[in-house]
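*Asks:* Dropping a prediction and its sequence here:
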Amino acid sequence: MKETLARIRAEALAKIADTSADLEQIRIQYLGKKGELTSVLRGMGNLSAEERPVIGQLANDIRTAIEAAIQSKSAELKAKALDLKLKAEKIDVTVPGERIPLGHNHPLSIVQRELEETFIGLGFSIAEGPEVEYDYYNFQALNIPENHPARDTQDTFYITDNILLRSQTSPVQVRVMEKTKPPIRIISPGRVYRSDAVDATHSPLFHQCEGLVVDKGITMADLKGMLELFAKRMFGEQTKIRFRPHHFPFTEPSAEVDISCFVCGGKGCRFCKNEGWIEILGCGMVHPFVLSNCNIDPEVYSGFAFGVGIERVALLKYHIDDMRLLYENDTRFLDQF
Ligand code: DAH
């Protein structure tokens, strides 16, 4: 038995010393439940009472020796592996860094933020409405009944007969007025949809920002003063505005607003097509029907509304001559902002 034990010891230690040793495999082979050392110990029942403790002691010593050898070999292998890894991953801190391209806001987002900041500064808050909208909010409540010609110019994408992709942000006016008592002062920027073919000035998806103020005694003078402030803030202090009579079903009176050309100062140039003025938005006094539709008494309250195209402002502000550039996300274009 002693010889067997000595052989096991010598064999195991030799195997452990081998650099390519699989230590776990060796542990199982010698020390495991069905291992060689264990099976020797099982045979100890046949030994005499004197021999038993001697062999037992020897077997234990061998177990300890094998365990220690495995442990030190394992530590050695780990150290070697770490060493190799450190060598392989050596960092040369003198190598110049790789430049990581840094993104920034899209021109449409920049304009939208500017609009939001301007109006928040004037005491407005931001309201949101769904892009998938009921015909009622997009048209009917805004005084655009079925078969009204105003629907033609805003032909849009219908989901069902009475659900559609909103063609304007104006339905948010109605949603806000239904839920909030005056005084109301909101803007609502967001996506709108129309089934227009793509060209330099059209896209089936674009962005608008709606504005709405309702309170006692609101007049067109308030609208004018506020739009003047907005125009100066967005296009420069020297900017003038002018109102041209227009028609929108949900405002009365209605107007289109032009700003003085910020390139030539109003004298006329190529940018403003020699007009001196550039059309910028639609607005008006909220139609009494619209107020009534929202259970706001038009005898007590009045209000104004406006709607501005965010693309339009971005194109003007940054002198971009083709709207498609805004959606192609070509970084050579976007990098310029
Ligand atoms: N919703 C109109 C459009 O898409 C823009 C507009 C005009 C909004 C006048 C208004 C407004 O709130 O008063 O053409």
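*Replies:* Nice, thanks for sending it over. From a predicted model like this one, the values you see are computed outputs, not experimental measurements.
*Asks:* Which residue comes closest to the closest residue to the ligand within the stretch 51-200 of the chain once chain neighbours are left out?
*Replies:* The minimum distance from the stretch 51-200 of the chain to the ligand, using Cβ to the nearest ligand atom, falls at residue 168 (3.6 Å). Every residue, glycine included, has its C-beta placed from N, CA and C. Sequence neighbours aside, residue 192 is the residue nearest to residue 168 in space, at 5.5 Å (criterion: Cβ to Cβ, 6 or more residues apart in numbering).
*Asks:* and the stretch 101-250 of the chain, which of its residues are near the ligand?
*Replies:* 168, 170, 210, 248 (Cβ under 6 Å from any ligand atom).
*Asks:* try 5 Å this time
*Replies:* Counting by Cβ under 5 Å from any ligand atom, the stretch 101-250 of the chain comes close to the ligand at 168, 170, 248.
*Asks:* Lowest-scoring secondary structure element of the chain by mean pLDDT?
*Replies:* Scoring the helices and strands of the chain by mean pLDDT, DSSP states H and E places helix 36-42 at the bottom, with a mean of 79.
*Asks:* Buried residues, that one. List them.
*Replies:* By 16 or more other Cβ atoms under 10 Å, the buried positions in helix 36-42 come out as 36, 37, 40, 41.
*Asks:* and what of stretch 76-90?
*Replies:* Under 16+ other Cβ under 10 Å, stretch 76-90 has no buried positions.
*Asks:* ditto for stretch 282-302
*Replies:* By neighbour count on 16+ other Cβ under 10 Å, the buried set for stretch 282-302 is 282-288, 290-291, 293-294, 296, 301-302.
*Asks:* overlap between those and the residues near the ligand?
*Replies:* Checking the buried residues of stretch 282-302 against the ligand (Cβ under 5 Å from any ligand atom), the matches are 282, 283, 284.
*Asks:* any chance of the residues you listed in a markdown table, plus secondary structure?
*Replies:* Listed next are those as a markdown table, based on DSSP: H, G, I helix; E, B strand; the rest coil:
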| residue | secondary structure |
| --- | --- |
| 282 | strand |
| 283 | strand |
| 284 | strand |
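*Asks:* Closest one to residue 234 out of the residues you listed, please.
*Replies:* Relative to residue 234, the closest of those is residue 283; by Cβ to Cβ it sits at 14.7 Å.
*Asks:* Now do the closest residue to the closest one other than its chain neighbours against the ligand, distance only.
*Replies:* Nearest non-adjacent residue to residue 283, counting by Cβ to Cβ, 6+ apart: residue 306, 3.6 Å away. According to Cβ to the nearest ligand atom, to the nearest Å, residue 306 stands 5 Å off from the ligand.
*Asks:* what's the answer for residue 261, then?
*Replies:* Residue 261 sits 22 Å away from the ligand, going by Cβ to the nearest ligand atom.
*Asks:* Hmm, residue 277 and that residue touching each other?
*Replies:* Yes - shown here, residue 261 and residue 277 form a contact pair, counting by Cβ atoms under 8 Å, at 6.5 Å.
*Asks:* Which of those two has more residues huddled nearby?
*Replies:* residue 261 (24 against 18; other Cβ atoms under 10 Å).
*Asks:* three-state assignment of the closest residue to residue 238 other than its chain neighbours?
*Replies:* In this structure, residue 238 finds its nearest non-sequential neighbour in residue 265, 6.7 Å apart by Cβ to Cβ, 6+ apart. At residue 265, secondary structure determined by three-state DSSP is coil.
*Asks:* now residue 62
*Replies:* Relying on three-state DSSP, one would call residue 62 helix.
*Asks:* ok, it touching residue 7?
*Replies:* No - using Cβ under 8 Å as the test, residue 62 is too far from residue 7 to be in contact (10.4 Å).
*Asks:* Touching stretch 219-235 from outside, list them.
*Replies:* Residues from elsewhere that reach stretch 219-235 (Cβ atoms under 8 Å, 6 or more residues apart in numbering): 114-115, 118-119, 122, 213, 238-241, 243, 253, 257, 259, 262, 280-281, 283-285, 302, 304, 306, 313, 316-317.
*Asks:* Could you tell me which of those residues count as buried?
*Replies:* Using 16+ other Cβ under 10 Å, the buried ones in the contacts of stretch 219-235 are 114-115, 118-119, 213, 239-241, 243, 257, 259, 262, 280-281, 283-285, 302, 304, 306, 313, 316.
*Asks:* Helices - which of those land there?
*Replies:* Under the assignment DSSP state H, these contribute 114, 115, 118, 119, 313, 316 to helices.
*Asks:* Any idea how many residues pack against the closest residue to the fifth one other than its chain neighbours?
*Replies:* Among residues not flanking residue 313 along the chain, residue 111 sits closest, at 5.1 Å (Cβ to Cβ, 6+ apart). Neighbouring residues of residue 111 were enumerated by other Cβ under 10 Å; the total is 25.
*Asks:* For residue 111, what is the enclosing helix or strand?
*Replies:* helix 107-121 (DSSP states H and E).
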